[in-house]
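model this:
(one chain, ligands or ions: 1)
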Amino acid sequence: MQSTRVSFPDGSLTGEGEVLIVDRDSSVLIVDATPFHPVDHTWPDQPGDSGTISLGGSRLEVSEAVMAAVDDEGALFVGGDIPAKRGAEGWTWLVAHRIAGDLPADVAVGAHAVMDVDADRRSALSRGHTACHLASLALDAAVADLWRKEIGIDPLGSPDFESRANQSSRIHLDGSVDEYRLGKSLRKAGFDSAGFADSFAEREARINEVLAGWVSSGGESRIEVDGPSIVDRRTWRCALPEGEVGFLCGGTHVRSLTEFSSITVSLDLSDPQLLVMTTTAAPA
Ligand SMILES: [Zn+2]
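Numbering: from 1, shown residues only. Reported below is the predicted structural model:
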């Protein structure tokens, strides 16, 4: 068996394929190729796509696409039960479609599947994911002067607060919530947490100003792939007035920043050890 071929990186919402695995215990269907974006079990930032799969006479509701993996002895693991990191050697990596309710008795391996992703939900998740990345770049820039030591830089050349402090990222329809740890280890790395706490309203305003400028620039956004399968490396690239940015990303994205009417953030520091950044995208 080969890793699942995926077409979501180019924006596809429909596709056809052959059913490879029918697993009634976990109520999942696996097809050789799919347009469905699955939630990643290792870094579950973006929820999986939902939609429908039509097989012969039946039309099944896909509640969410998830990752699945088959080990070298042929055992199938689904979603959070997978005991290995995505892409690990010795596993075949697959996209599984979780079916709402029980699988009908006549669904069988070899059947021809016609797949349709819920387009409105995908668009809203893509806006949420692009907005999340833009907000994190704007945040890095807005706190750049608070670093007292050299650390690595982000794709725009700012000190990389995001990769130092981010502990979780949750993308939802038209937005995201990111949590950043501001504890002792960040201060040791040279970040002026007290200075941040004192100036945090100004910094929030600065992030929103930068985001407004990026949205009005209307640059192109796309996903570059190293190959056709779910485990091939993917890179999100986006044209900003400062230049093109890009970083590794497994999710889905808008095609252009003209798809937004605005992106705004609000910062919450009610726990001084934990910055929570809530990003809201408004569609154009
Ligand atoms: Zn991403």
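
Would you pull up the residue in the protein closest to the ion?
Across the chain, no residue is closer to the ion than Cys249, which sits at 3.2 Å (Cβ to the ion). Just so you know, the C-beta spots here come from the backbone N, C-alpha and C atoms, and that holds for glycine as well.

doesn't Trp236 make contact with that residue?
Yes. Judged on Cβ atoms under 8 Å, Cys249 makes contact with Trp236 at a distance of 4.0 Å.

tell me, what's touching those two both at once?
Residues touching both Cys249 and Trp236 by Cβ atoms under 8 Å, 6 or more residues apart in numbering: 133, 223.

rewinding a little: and the residue of the chain closest to the ion, how many neighbours does it have?
Close neighbours of Cys249, defined as other Cβ atoms under 10 Å, add up to 20.

Please see if stretch 229-246 touches the ion.
No. Contact of stretch 229-246 with the ion (Cβ under 5 Å from the ion) is absent, the minimum separation being 5.9 Å.

Report the distance from that stretch to the chain centre.
Between the centre of stretch 229-246 and the centre of its host chain there is 13 Å, according to Cα atoms, centre = their mean, to the nearest Å.

Same check on stretch 255-264?
Centroid separation for stretch 255-264 versus its chain: 17 Å, with Cα atoms, centre = their mean.

Endpoint to endpoint, that stretch covers what distance?
The stretch stretch 255-264 measures 19 Å between its terminal residues, going by Cα to Cα, to the nearest Å.

who's in contact with that stretch?
Stretch 255-264 has contacts (Cβ under 8 Å, 6+ apart) with 11, 123, 127, 130-131, 134-135, 208, 211-212, 214-215, 217-222, 238, 254, 279-284.

now stretch 40-47
Applying Cβ under 8 Å, 6+ apart, the set of residues contacting stretch 40-47 is 37, 39, 64, 66-67, 79-80, 82, 85-86, 125, 128-129, 132, 169-172, 176, 250-252.

Kindly check the end-to-end length of that stretch for me.
8 Å.

switch to numbering from 51
Yes, from this point I'll number from 51; that puts the last item at stretch 90-97.

what's the model's confidence in it, averaged?
Mean pLDDT, computed over stretch 90-97, is 94.

go on, stretch 111-127?
For stretch 111-127, mean pLDDT rounds to 97.

which secondary structure elements does the longest helix seen in the chain contact?
The longest helix of the chain (DSSP state H) is helix 169-192. The contact analysis (3 or more Cβ pairs under 8 Å, 6 or more residues apart in numbering; DSSP states H and E) places helix 169-192 against helix 211-215, strand 216-222, strand 225-231, helix 250-267, strand 284-290, strand 310-321, strand 324-333.

Swap in 7 Å and give it another go.
Judged by 3 or more Cβ pairs under 7 Å, 6 or more residues apart in numbering; DSSP states H and E, helix 169-192 is in contact with helix 211-215, strand 216-222, strand 225-231, helix 250-267, strand 310-321, strand 324-333.

now these in a markdown table, with distance to the ion, mean neighbour count and mean pLDDT?
Below are those laid out as a markdown table (distance: least, Cβ to the ion, whole Å; neighbours: other Cβ atoms under 10 Å; pLDDT from 0 to 100):
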| stretch | distance to the ion | mean neighbour count | mean pLDDT |
| --- | --- | --- | --- |
| helix 211-215 | 11 | 20 | 96 |
| strand 216-222 | 8 | 17 | 96 |
| strand 225-231 | 10 | 20 | 98 |
| helix 250-267 | 16 | 17 | 97 |
| strand 310-321 | 15 | 16 | 97 |
| strand 324-333 | 13 | 19 | 98 |
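
and these as a markdown table, adding distance to Lys238?
Below are these laid out as a markdown table (distance: least, Cβ to Cβ, whole Å):
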| stretch | distance to Lys238 |
| --- | --- |
| helix 211-215 | 11 |
| strand 216-222 | 16 |
| strand 225-231 | 12 |
| helix 250-267 | 21 |
| strand 310-321 | 19 |
| strand 324-333 | 17 |
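
looking at the ones you listed, which is closest to Ala158?
For these, the distance to Ala158 is smallest for strand 216-222, at 35.0 Å, taking Cβ to Cβ.

what's in contact with the closest one?
95-96, 175, 178-179, 182, 226-231 (Cβ atoms under 7 Å, 6 or more residues apart in numbering).

change it to 8 Å
By Cβ under 8 Å, 6+ apart, the residues outside strand 216-222 that reach it are 93, 95-97, 175, 178-179, 182, 186, 226-231, 301.
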